[in-house]
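> Only the shape, not the letters, is given here:
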């Protein structure tokens, strides 16, 4: 008995992606041939940005399509090709304009909305002033990375994951937190990162997956090795499983990759982990009884505005290893 594979007939899908470009085409520019794709410049608004529509067809030979993402991939290629910023502004499939139903905000944006609970903010600032100059500088850098991660939610979750890991590594790499002789930061960076979270993440147990602490550490390592290192070294993006976990309200979900079961954490979970760790570190890291250094943030800001440069040739009679410096 022979195996007969039946396929369902599928209509080709015509996809149109509307976009804005930060550069302009020449005034006589016609359609831009992109081999399988076509970019049609639109008449621009007076004083507005260049607009265009990317058009392509999917014959549905594979039986399914993800045409919108395909279009976004092409736009990222065009961004490199034309050396310009490109923003998707609309989406139409087989003549049906579905842009009106497209969510204006990423699913996680609501996590950072609502009423602000100020708490005792002055006490928190005082804690910041007593960390010591080096740790305060690193904590400020961690805060900046965290703020950038929030700003990146609507742009790309891979970038948000990376920035959140950077926020934690601003502290996990510090000698004051863990001596390098105990865990070498060059070879044991992931262990230092896990130790920081385990030591300072407030109410971490409430964020444990069903597998308990072991599964919790598994998911932390997935973020570090896959979402951070995979993205930095290979450009590997975060699996769609992360978005599904966010929408389903799970800390992580299991799925198969090349026949192997893996677990992908949600971005909301990792935001909670990161913020809980940073706040826990600020409140509980051991420090001396020295008076708060209220000028520490001003000193950090001032140092960022100073550029030291070498002027002229080195004078070996003054310092054989350095030239004259000017500030």
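In hand now; what should we look at? Since the model is a prediction, treat every value here as computed from it, not as a measurement.
> What segments of the protein are strands?
13-21, 32-34, 37-42, 50-58, 86-93, 96-97, 252-257, 260-265, 309-310, 325-326 (DSSP state E).
> Which elements pack onto the fourth one?
Taking 3 or more C-beta pairs under 8 Å, 6 or more residues apart in numbering; DSSP states H and E as the contact definition, the neighbouring helices and strands of strand 50-58 are strand 13-21, strand 37-42, helix 67-82. (Glycine included, C-beta is placed from N, CA and C.)
> Now do the buried residues in the last one.
Translated: helix 67-82. Neighbour counts over helix 67-82 (16 or more other C-beta atoms under 10 Å) mark 67, 70, 71, 72, 74, 75, 78, 79 as buried.
> Give me the distance between residue 194 and residue 82.
Using C-beta to C-beta, to the nearest Å, we find residue 194 at a distance of 42 Å from residue 82.
> try residue 34
According to C-beta to C-beta, residue 34 stands 11 Å off from residue 82.
> for residue 19, same thing?
Distance from residue 19 to residue 82, by C-beta to C-beta: 11 Å.
> quick one: the helices in the protein?
67-82, 121-129, 133-151, 157-172, 189-200, 212-222, 230-234, 240-248, 267-284, 296-304 (DSSP state H).
> now the stretch 1-150 of the chain, which segments are flagged as low pLDDT?
1-10, 100-107 (pLDDT under 70).
> try 90
Scanning the stretch 1-150 of the chain for pLDDT under 90 picks out 1-13, 27, 35, 44-49, 58-69, 73, 84, 95-96, 98-122.
> For the helices and strands packed on strand 50-58, give me JSON lines that also has distance to residue 114.
Shown next, in JSON lines, are the helices and strands packed on strand 50-58 (distance: least, C-beta to C-beta, whole Å):
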{"stretch": "strand 13-21", "distance to residue 114": "31"}
{"stretch": "strand 37-42", "distance to residue 114": "38"}
{"stretch": "helix 67-82", "distance to residue 114": "30"}
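> which one of these lies closest to residue 202?
Judged by C-beta to C-beta, the one of those that comes nearest to residue 202 is helix 67-82, at 36.9 Å.
> Output the contacting helices and strands for that closest one.
Using 3+ C-beta pairs under 8 Å, 6+ apart, helix 67-82 sits against strand 13-21, strand 50-58, strand 86-93.
> Nearest to residue 57, out of the helices and strands packed on strand 50-58?
Across these, residue 57 has its closest neighbour in strand 13-21 (5.2 Å, C-beta to C-beta).
> Just the residues contacting stretch 148-166, thanks.
Stretch 148-166 is contacted from outside by 105-106, 108-109, 112, 142, 145-146, 167, 193, 223-224, 227-228, 231-232, 237-238, 242-243, 267, 270-271, 274, using C-beta atoms under 8 Å, 6 or more residues apart in numbering.
> Please repeat the previous calculation with a cut-off of 6 Å.
106, 108, 112, 145, 227, 228, 231, 237, 238, 267, 270, 274 (C-beta atoms under 6 Å, 6 or more residues apart in numbering).
> what's the closest of these to residue 302?
residue 145 (21.4 Å).
> show me what contacts the closest one?
Residue 145 neighbours (C-beta under 6 Å, 6+ apart): 163, 166, 167.
> Just give me the neighbour total for residue 192.
21 (other C-beta atoms under 10 Å).
> That one is in contact with residue 172, isn't it?
Yes. Using C-beta atoms under 6 Å, residue 192 makes contact with residue 172 at a distance of 4.3 Å.
> how about the nearest residue to residue 22, chain neighbours excluded?
residue 85 (3.9 Å; C-beta to C-beta, 6 or more residues apart in numbering).
> Likewise for residue 13?
Nearest to residue 13 is residue 58, by C-beta to C-beta, 6+ apart, at 4.6 Å.
> The one you found contacts residue 64, correct?
No. Residue 58 is beyond contact range of residue 64, at 9.5 Å (criterion: C-beta under 6 Å).
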